[in-house]
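Peer 1: Sequence and computational prediction follow.
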Protein chains: 2
Amino acid sequence: MRFRSHMDLALAEARAAAMRGEVPVGAVVVAPGGSVVASAGNRTRELCDPTAHAEILALRAACRAAGSERLPDHDLYVTLEPCAMCATALSFARISRLYYGAADPKSGGVAAGARVFAHPQCHHVPEIYDGLSAREAETLLRDFFVARRLPGGDAP
Amino acid sequence: MRFRSHMDLALAEARAAAMRGEVPVGAVVVAPGGSVVASAGNRTRELCDPTAHAEILALRAACRAAGSERLPDHDLYVTLEPCAMCATALSFARISRLYYGAADPKSGGVAAGARVFAHPQCHHVPEIYDGLSAREAETLLRDFFVARRLPGGDAP
């Protein structure tokens, strides 16, 4: 299925982020025809940029490629529930469908916390599909944080 | 007063944004000693980047200069109430105090809408001071949008 391979690419971006010592989250932007126009993993540490979440990097790259600050009829796949920053950004970009993996009750902003799309002020709300490849995404995150807590792990 | 001159600089950034055809919002990041470490105006159209709000650009520049994704004890001045994206970003950056001008009941995310800082999931909440130079900031925005609606105005 198409969505499965796009989420697989997002998971590959998440794994690559972990290898760089970044929180393993990956995102993919898909054009209306189904082609991938951008993919990214989290790079907040590498870039010294608190906004460099996977979704933001992928959105910015896709917008740059499209020459537009809006991506109508594009979809975004991400391995973890977006935070309020990323959820708001994908609303600004007019992303059509959001597919995400693991839930994030601690820092998410879609089903948890600020629940960005639940307010009437939100000018554009994508269709939302959650739980895709959630177990793989959760395992990646859990393994990453366990390794950082172990002696000899890549603790901050 | 110090905050007044910092907000004046944010207003100057907002005016420069209007001259570029961008929604006139400006932001300034101030280091603990009171020096300005970054300032920016909105550039979403120029950069084809829906995340290029004044606050995000200023935060990213300040973080780059500091070599860190966190800016403890730094303040951010912005002419308009931050949206949910920007409010979340300045929480990630650990901004100490947020000073803003005009309220934004339509798209704001601090006192309106998602009210990002009001949720227990928000890991860092700055001190918030609103209404600074609010009239100047509102006038800039109103004039900008009126001009775009007039025949011969810079309509999108």
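Peer 2: Alright, I've got the coordinates.
Peer 1: so how far is the first residue of stretch A:70-86 from its last?
Peer 2: 14 Å (C-alpha to C-alpha, to the nearest Å).
Peer 1: Just the buried positions in it, please.
Peer 2: A:71, A:74-86 (16 or more other C-beta atoms under 10 Å in any protein chain shown). Placement of C-beta: from N, CA and C, glycine included.
Peer 1: what do you get for stretch A:100-109?
Peer 2: A:Tyr100, A:Gly101, A:Ala102, A:Ala103, A:Asp104, A:Ser107, A:Gly108, A:Gly109.
Peer 1: quick one: contacts of it?
Peer 2: Residues outside stretch A:100-109 that contact it (C-beta atoms under 8 Å, 6 or more residues apart in numbering or on different chains): A:7, A:10-11, A:77-88, A:110-113, A:115-116, A:128-134, A:136-138, A:141, B:84, B:88, B:114, B:116, B:121, B:123.
Peer 1: can you count the residues close to A:Ala62?
Peer 2: Under the neighbour criterion other C-beta atoms under 10 Å in any protein chain shown, A:Ala62 is assigned a count of 26.
Peer 1: again, but for A:Arg20
Peer 2: 12.
Peer 1: One more: the one 4 residues further on?
Peer 2: By other C-beta under 10 Å, the residues close to A:Pro24 number 27.
Peer 1: Where does it sit, in terms of helix or strand?
Peer 2: Using DSSP states H and E, no element contains A:Pro24; it sits outside every helix and strand.
Peer 1: Would you tell me what the next helix or strand after the longest helix along chain A is?
Peer 2: In chain A, taking DSSP state H as the definition, the longest helix is helix A:2-19. Sequence order places strand A:26-30 as the next helix or strand after helix A:2-19, per DSSP H and E.
Peer 1: So is that next one next to chain B?
Peer 2: No. Strand A:26-30 lies out of reach of chain B by C-beta under 8 Å from any C-beta of the partner chain, never closer than 12.2 Å.
Peer 1: okay, the angle between the helix or strand that that strand is followed by and helix A:2-19?
Peer 2: Per DSSP H and E, strand A:26-30 leads on to strand A:36-41 as the next helix or strand towards the C-terminus. Here the directions of strand A:36-41 and helix A:2-19 differ by 30 degrees (axes from the mean of the first three to the mean of the last three C-alpha atoms, to 10 degrees).
Peer 1: May I see the buried residues of the helix or strand just after strand A:36-41?
Peer 2: Of the helices and strands lying after strand A:36-41 in sequence (DSSP H and E), the nearest is helix A:44-47. Under the neighbour-count criterion of 16+ other C-beta under 10 Å, helix A:44-47 has A:Thr44, A:Arg45, A:Leu47 buried.
Peer 1: likewise stretch A:89-97?
Peer 2: Using 16+ other C-beta under 10 Å as the test for burial, stretch A:89-97 gives A:Ala89, A:Leu90, A:Ser91, A:Phe92, A:Ala93, A:Arg94, A:Ile95, A:Ser96.
Peer 1: next one: stretch A:132-152
Peer 2: For stretch A:132-152, burial by neighbour count (16+ other C-beta under 10 Å) applies to A:Leu132, A:Ser133, A:Ala134, A:Glu136, A:Ala137, A:Glu138, A:Leu140, A:Leu141, A:Phe144.
Peer 1: Could you dump these into a markdown table with pLDDT and distance to chain B added?
Peer 2: Formatted as a markdown table, those follow (pLDDT from 0 to 100; distance: C-beta to the nearest C-beta, whole Å):
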| residue | pLDDT | distance to chain B |
| --- | --- | --- |
| A:Leu132 | 93 | 22 |
| A:Ser133 | 94 | 24 |
| A:Ala134 | 95 | 19 |
| A:Glu136 | 96 | 24 |
| A:Ala137 | 96 | 19 |
| A:Glu138 | 96 | 18 |
| A:Leu140 | 96 | 21 |
| A:Leu141 | 96 | 16 |
| A:Phe144 | 95 | 17 |
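Peer 1: Understood, closing this out.
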